[in-house]
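K.L.:
Just the structure for this:
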Amino acid sequence: MKLHGILPPVTTPFSNDGEIDLSRLKSNIKLYNPTRLSGYVMNGSTSESVLLTWDEIERLWATARETAAPDKLMIAGTGAESTAETIQHTKRAAKLGYDAALVRTPSYYKPFMTFEAEATHFLRVAEASPIPILIYSVPVFTGYIVEAPLVAHLASHANIIGIKDSSGNVQRMKDIVASTPKAFRSLTGSALTLHDALQVGASGAILAISCAFPEACVDLYEAAVRGDAGRVEQLRKHAIFPAANLATKFGIPGLKYAMDRLGYYGGAPRAPLLPLGESAKQEIDTVLAAVKPATVAAH
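P.N.:
You can find the predicted model right below:
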């Protein structure tokens, strides 16, 4: 599996009545299809996954799979708190034609999520899954950090092929790369440390801001891979850092607003997330006006 490059954790469009809007999802994916994005992650954190029902998620999966270009890698976020439910959703994603599953760490019973508990969970899912598994470490939301020794242990299973580490800790990424087989793929979830993560052996990234800036994110990835320090610095300073900081400050509502301003459909978030106020919108507009020229500058 060519697990490299940039993949967006595709946002979930909602209609005015708060229901998922499959037609808007189709429109966004059709806009992404001609880009150099490597594929799509459906039902990631940026998709507002924990605010969706599993019936909604499966409808989103099916629509995205039908709309995506044939060359795009399709990854489904299938993680649930229980091992049995995670297996159930992973098998469903496989039936819908997904290439791999992104499985987050169970975290509700955090004090009891020991090395052994997490390892047993992932290994059982991997054994039962018809498609390869990616470990998903997102401590900002779960409070659970997947450290290199656990990743190395899990990487020995043939059906666990990689990790998305959203901690932004470059040393942790370096340790993971050093302790896993060459074929194991490490993806970062942090735009702010993308270049540094690639330097220590990451193969790509799943980035929220690529929902709004797909080509700029791919440009940064490709410039880093070919060693074009000038283009890397230009994009980091004038595009990726400002956009990523906005996403960090304003979260999914801010990202969706930026998408609306850049020709995609973002729309409103789902409660309890709140839409942006006017001052936040003005701040984002100011940043977007400054960022846009850098994303189209000549290489």
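K.L.:
where's the lengthiest helix in the chain relative to the chain centroid, distance-wise?
P.N.:
Longest helix of the chain, by residue count under DSSP state H: helix 241-261. Helix 241-261 sits 15 Å away from the centroid of its parent chain (CA atoms, centre = their mean, to the nearest Å).
K.L.:
Check which element follows it along the chain.
P.N.:
In the C-terminal direction, the helix or strand that comes right after helix 241-261 (DSSP states H and E) is helix 278-295.
K.L.:
what's in contact with that next one?
P.N.:
Applying CB atoms under 8 Å, 6 or more residues apart in numbering, the contact partners of helix 278-295 are 213, 215-216, 219, 234-235, 237-239, 242-243, 246, 250, 254, 257-258, 261-262, 276. Bear in mind the C-beta positions are built from the backbone N, C-alpha and C, glycine included.
K.L.:
if we can go back for a sec, can you pull out the residues in contact with the longest helix of the chain?
P.N.:
Under the contact criterion CB under 8 Å, 6+ apart, helix 241-261 has outside partners 11, 28, 46, 48, 190-192, 208-209, 211-213, 216, 265-269, 273-276, 280-281, 283-285, 287-288, 290-291.
K.L.:
Please, where are all the helices along the stretch 101-250 of the chain?
P.N.:
Listed in chain order, the helices of the stretch 101-250 of the chain (DSSP state H, counting those that start in this stretch) span residues 115-128, 139-142, 148-154, 170-179, 194-199, 214-226, 229-235, 241-261.
K.L.:
will you turn those into a markdown table that also has distance to Val41 and mean pLDDT?
P.N.:
Supplementary listing: the helices of the stretch 101-250 of the chain in a markdown table, determined by distance: least, CB to CB, whole Å; pLDDT from 0 to 100:
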| stretch | distance to Val41 | mean pLDDT |
| --- | --- | --- |
| helix 115-128 | 17 | 98 |
| helix 139-142 | 15 | 94 |
| helix 148-154 | 19 | 98 |
| helix 170-179 | 18 | 98 |
| helix 194-199 | 16 | 95 |
| helix 214-226 | 13 | 95 |
| helix 229-235 | 22 | 92 |
| helix 241-261 | 14 | 93 |
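K.L.:
and Leu7, what are its phi and psi?
P.N.:
Summarising the backbone geometry of Leu7 under the convention degrees, to the nearest 10, its torsions are phi -130, psi 130.
K.L.:
Would you enumerate the residues in contact with it?
P.N.:
Contacts of Leu7 (CB under 8 Å, 6+ apart): 37-41, 73, 75, 187, 204-207, 210.
K.L.:
What separation is there between Lys281 and Pro253?
P.N.:
10 Å (CB to CB, to the nearest Å).
K.L.:
any idea of the mean pLDDT in stretch 288-297?
P.N.:
When pLDDT is averaged over stretch 288-297, the result is 77.
K.L.:
where's it relative to the chain centroid, distance-wise?
P.N.:
Using CA atoms, centre = their mean, we find the averaged C-alpha position of stretch 288-297 to lie 23 Å away from the chain's own average C-alpha position.
K.L.:
For that stretch, list the C-alpha coordinates in CSV.
P.N.:
As requested, the backbone C-alpha atoms of stretch 288-297 are provided in CSV (Å, rounded to 0.1, in the frame of the first residue of the first chain):
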residue,chain,number,x,y,z
LEU,A,288,-6.6,34.0,4.5
ALA,A,289,-5.9,37.1,2.6
ALA,A,290,-2.3,37.0,3.6
VAL,A,291,-1.9,33.2,3.2
LYS,A,292,-3.5,32.8,-0.3
PRO,A,293,-0.6,34.4,-2.3
ALA,A,294,2.0,32.1,-0.7
THR,A,295,0.0,29.0,-1.7
VAL,A,296,0.2,29.8,-5.4
ALA,A,297,3.7,31.3,-5.6
